[in-house]
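1. Using only what follows, build the 3D model:
(2 chains)
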Amino acid sequence: MDSLYTVLIAMIAGALRVSTPFLFVSLGECLTERSGRINLGNEGVLVLGAMVAYATSYETGNPWIGVVVAALAGALLGSVHGAICSLARVNDVAMGIAIMLAGTGIAFFFGKPYVQPTAAHLPTLPLGFWSDAPQVRSALEVSPLFFIGIAAAIGMHWFFRATRIGLRVRIVGDSADAARALGLGIDRIRLLATAAGSALAGIGGAFLSLSYPGSWNEGLSSGQGLMAVALVVFARWNPLHCITAALIFGAAGALGPSLQTVGVTKGYYLFYAAPYVVTLVILAATVRPGRSLRGMPGELSIGR
Amino acid sequence: MTTALAVEAVGITKRFGPFTALGDVSLKVAPATVHALLGENGAGKSTLVKCLLGYYKADEGSFLIDGKEEVIARPADADRLGLGMVYQHFTLVPSMTVAENLVMSRADVPAVVDWGKERADLEKFMADMPFKVSLGAEVGTLAAGERQKTEILKQLYLQRRFLVLDEPTSVLTPQEADEMLSLVADLAHSGSITVAIITHKLKEVKKFADEVTVLRRGRYAGKGRTADLEPADMTAMMIGEPQAPASVERRGAAEAEERLLVTSLRTEGDAGRAGLDITKLAVHPREIVGIAGVSGNGQKELAEVLGGQRVPASGEIIVGGEGYTATRDEAQALSVRVLPEEPLRNGCVPRMSVSDNLNLRSFDRDAKGARKFWLNGSAMTDRARRMIAAYGVRAPSREVPIGVLSGGNVQRCVLARELDGEVKLLIVANPCFGLDVKAVAEVRARIVAARNAGAAVLLISEDLDEILELSDRIVVMHDGKIVYETPGAGADAQSIGAHMLGSH
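-> Coordinates of the predicted model:
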């Protein structure tokens, strides 16, 4: 019974922690896809963001500056993706893979000197103060970025519903014909949406390297930027549903480590595969032949 | 209330490279009237209004709005003058509500939209309108007629005073079309707007328009008051010949055998729409069964299932006594041929040559229908040459990509390919969409000829006139189900229309 309790606590803690980067990347991907483009490059942005944030935090001693610089780096890489995809006959999926490789490559190249040193971490909020149990206390050390992510999701929902730019992003993403009839600059809006989306993904990267016990290393992301694409499908392109989706993925990701803490020594590594299995199951369950997806932006290249 | 504009185009010429789309065409639309712009596809009607609305820049000529010469270089100029257009393909955003679509169409959307206030304003606006659409409904879930109304409401909401309707009734049922056009005519005659309707339907011109201007091959071909003109006069102006080609007679009665038998066919629904749910549908040799229905009631899904583009959830399809799952081998063995809607998208490889596309059914088969590995280039060329000659395909050469041909010529190519050899079952979907009068007559004649030769024909069409003209038997689809069946001879358009709308 005790070990079950421990596993549950560890999973809740894990869900809160692991879900944060998922939340940011999926929100970023959601924004980009709602404008009618896919950005697989967010995997590269995540890794680059992690490296840049860690390096900045180490050099300046202030992790928050690291977060901001990671967002800027993401926006820059996103703009490159957005700009190149505006050219005639460029496929956004192929371009995304190129950006992904470029992002990770740049991060590995410039990140070498930062593998050893220790940078200042982001502070955490001690939400477990009410409990005497040390496990609960440590489990509820939640990063403020988690709450910023939740706020960003709610903000994005409002943005899509009640702001001029948000509605324009939706128009461009759902019907290029309608957008042209309204005289909207389709490429410009998509470029901005891609840049902003990648900035969010960059913040997700900053969380990876700057939240306790993070550090910068090359195996840091393990494909979370790509899983975010599946997560957005699961969330039906709704920013609020991204929160739930990220928590589910986070819990799945926390399953392996949690089992390890209670001394499951055999086969626990199989549970490390849980997020990938969840990704596969979700895609298989939601993307069936014979029907199209509700909520999918009409202009997405994979949907046409 | 706004007041209607007088619009005049004088000597408009528009060239695309060496091709003159419009040569010295003039048009005069009196305020508060309904003016029909009549002509076949490619006659230049759309080009003319696109120049007027600033989408194209006319090479020569000028526009007078309320008697004053205006330069219309961009769509924004047309907006400013109060000129608007309702397109054939809708420009509403499907995933947005009617309210969101209306508000976003405005030029002055505030940075943050106060939905409480906007909703109140919209309700007030809607209260003054002759027809209503639910503001909270997502446009993607509206029927075509409702969408068309929303497009028109959008133009009125933008305070347009001159409105062009591009083929407005092509996706509507007869009731919807009559209702919509009479509402528009009332609006015009009340003095609030001037309306120009682009169409090739003579009945509509006669019934709803006050005046008509006819174009033919980019040239002015005549005009007049509709009260003074007979449909035959207008046809003559439109095609340059005294009368439309006669339709081919259906000869011989249907046979008893069930060539196509569909039972308990179901598919999953798409995006909130109901899927197919067909209990029984049979087509006999030497019979054309017409499937009528409002766009989006399952006809497209049915054509996709029979053409192998969609997997049914359950049900049985039997062709000539054998099970059929629409694979290429089965289609070949059972002589099933398909003429899909939008043939360029559904029945061609746009970037492959005309010749290759004409050989898609047969390139890997020898004379006996067995598979072969090496292609026979000269046989393919011969076959392509024969089909091009027999069907009168106009193409710059056999080797150009089929995507560059006009709609009518693509349709001829697909017809040539599908009707080549023995045809036991022919599935046809919207075969005449976007074709001109002569091409329409030709395509219909070929379909009837295939029927007379013993093919069973399933004709799925959104054009009720076409179904009434061609069918031996008519069934109506609504919400994915077959709701009505009647013999083609003496069928009543009104009662078919009522079943199409699901009210009877």
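
2. Confirm residue A:255 sits in a helix?
-> Yes. Secondary structure assignment places residue A:255 in a helix (DSSP: H, G, I helix; E, B strand; the rest coil).

3. need the contact list for it.
-> Counting by C-beta atoms under 8 Å, 6 or more residues apart in numbering or on different chains, residue A:255 touches A:11, A:14, A:271-272, A:274. From N, CA and C alone the C-beta is placed, and that goes for glycine too.

4. What does the pLDDT read for it?
-> Predicted confidence (pLDDT) for residue A:255: 81.

5. Burial check on residue B:73, number of neighbours?
-> For residue B:73, the number of neighbouring residues by other C-beta atoms under 10 Å in any protein chain shown comes to 11.

6. how about it, secondary structure?
-> Classification of residue B:73 by three-state DSSP places it in coil.

7. Secondary structure class of residue B:288, three-state.
-> strand.

8. Tell me the spatial nearest neighbour of it, not counting adjacent residues.
-> Closest residue to residue B:288 in three dimensions, ignoring its sequence neighbours and counting by C-beta to C-beta, 6 or more residues apart in numbering or on different chains: residue B:457, at 4.3 Å.

9. Could I get the average pLDDT for the helix or strand encompassing the one you found?
-> When secondary structure is defined using DSSP states H and E, the element that contains residue B:457 is strand B:456-460. Averaged across strand B:456-460, the pLDDT comes to 95.

10. Specify the next element, helix or strand, located C-terminal of it.
-> Downstream of strand B:456-460, the first helix or strand assigned by DSSP H and E is helix B:464-470.

11. Which other helices and strands does that next one contact?
-> In this structure, helix B:464-470 makes packing contacts with strand B:287-292, helix B:437-452, strand B:456-460, helix B:493-500, judged by 3 or more C-beta pairs under 8 Å, 6 or more residues apart in numbering or on different chains; DSSP states H and E.

12. now the ones you listed as CSV including distance to residue B:44?
-> Output for these, formatted as CSV (distance: least, C-beta to C-beta, whole Å):
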stretch, distance to residue B:44
strand B:287-292, 32
helix B:437-452, 15
strand B:456-460, 31
helix B:493-500, 31
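
13. export those to a markdown table and tack on mean neighbour count?
-> Rendered in a markdown table, the data for those read as follows (neighbours: other C-beta atoms under 10 Å in any protein chain shown):
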| stretch | mean neighbour count |
| --- | --- |
| strand B:287-292 | 26 |
| helix B:437-452 | 20 |
| strand B:456-460 | 26 |
| helix B:493-500 | 18 |
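
14. what residues does the stretch 101-250 of chain A put near chain B?
-> Taking C-beta under 8 Å from any C-beta of the partner chain, the part of the stretch 101-250 of chain A that reaches chain B is made up of A:161-165, A:167-168, A:170-171, A:174-175, A:177-178, A:181-183.

15. Looking at the stretch 351-500 of chain B, which residue is nearest chain A?
-> For the stretch 351-500 of chain B, the residue positioned closest to chain A under C-beta to the nearest C-beta is residue B:351, at a distance of 12.0 Å.

16. any idea of the pLDDT on that residue?
-> 89.

17. Spell out the secondary structure type for it.
-> Recorded secondary structure, residue B:351: coil (three-state DSSP).

18. coming back round to it: out of the contacts of residue A:255, who's nearest chain B?
-> When the contacts of residue A:255 are ranked by distance to chain B (C-beta to the nearest C-beta), residue A:274 comes first, at 29.3 Å.

19. What is the neighbour count of the nearest residue to that closest one once chain neighbours are set aside?
-> Distance criterion C-beta to C-beta, 6+ apart; nearest residue to residue A:274, sequence neighbours excluded, is residue A:252 at 4.1 Å. Number of residues near residue A:252 (other C-beta under 10 Å) recorded here: 26.

20. So residue A:252 is in contact with residue A:278, correct?
-> Yes. Counting by C-beta atoms under 8 Å, residue A:252 touches residue A:278, with 4.6 Å between them.

21. OK, contacts around residue B:257?
-> Counted by C-beta under 8 Å, 6+ apart, residue B:257 has contacts B:284-285.

22. Could you rerun that using 10 Å?
-> Residue B:257 makes contact with B:282, B:284-286, B:320-321, B:456, according to C-beta atoms under 10 Å, 6 or more residues apart in numbering or on different chains.

23. cool, residue A:161 as well?
-> Taking C-beta under 10 Å, 6+ apart as the criterion, residue A:161 is in contact with A:167, A:170, B:100, B:113, B:115.

24. Which stretches in the stretch 251-400 of chain B count as helices?
-> Using DSSP state H, counting those that start in this stretch, the helices of the stretch 251-400 of chain B run over residues B:299-306, B:328-334, B:343-346, B:354-358, B:377-391.

25. one step back: format the contacts of residue B:257 as TSV; extra columns: distance to chain A.
-> Compiled in TSV, those are given as follows (distance: C-beta to the nearest C-beta, whole Å):
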residue	distance to chain A
B:282	24
B:284	29
B:285	31
B:286	33
B:320	26
B:321	27
B:456	26
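
26. neighbour-wise, which of those leads?
-> Counting neighbours by other C-beta under 10 Å, the one among those with the most is residue B:456, which has 28 neighbours.

27. which residues does that residue bridge with?
-> Listed by DSSP bridges, the beta-bridge partners for residue B:456 are residue B:287, residue B:425.

28. What's the separation between it and residue B:260?
-> Look at residue B:456 and residue B:260: by C-beta to C-beta, to the nearest Å, they are 6 Å apart.

29. Which neighbours do those two have in common?
-> Counting by C-beta under 10 Å, 6+ apart, the contacts common to residue B:456 and residue B:260 are B:282-285, B:287, B:289, B:319-320, B:336, B:424-427.

30. okay, who's weakest in those by pLDDT?
-> Scanning these for pLDDT, the smallest score is found at residue B:320, 90.

31. Please name the residues that touch that one.
-> Counting by C-beta under 10 Å, 6+ apart, residue B:320 makes contact with B:257-261, B:285, B:333-336, B:424-425, B:456.

32. what about the closest residue to chain A within the stretch 201-350 of chain B, neighbour count?
-> When distances are taken as C-beta to the nearest C-beta, the stretch 201-350 of chain B approaches chain A most closely through residue B:268, which lies 4.3 Å from it. By the other C-beta under 10 Å criterion, the neighbourhood of residue B:268 contains 17 residues.

33. what does residue A:125 give?
-> A count of nearby residues for residue A:125, using other C-beta under 10 Å, gives 13.
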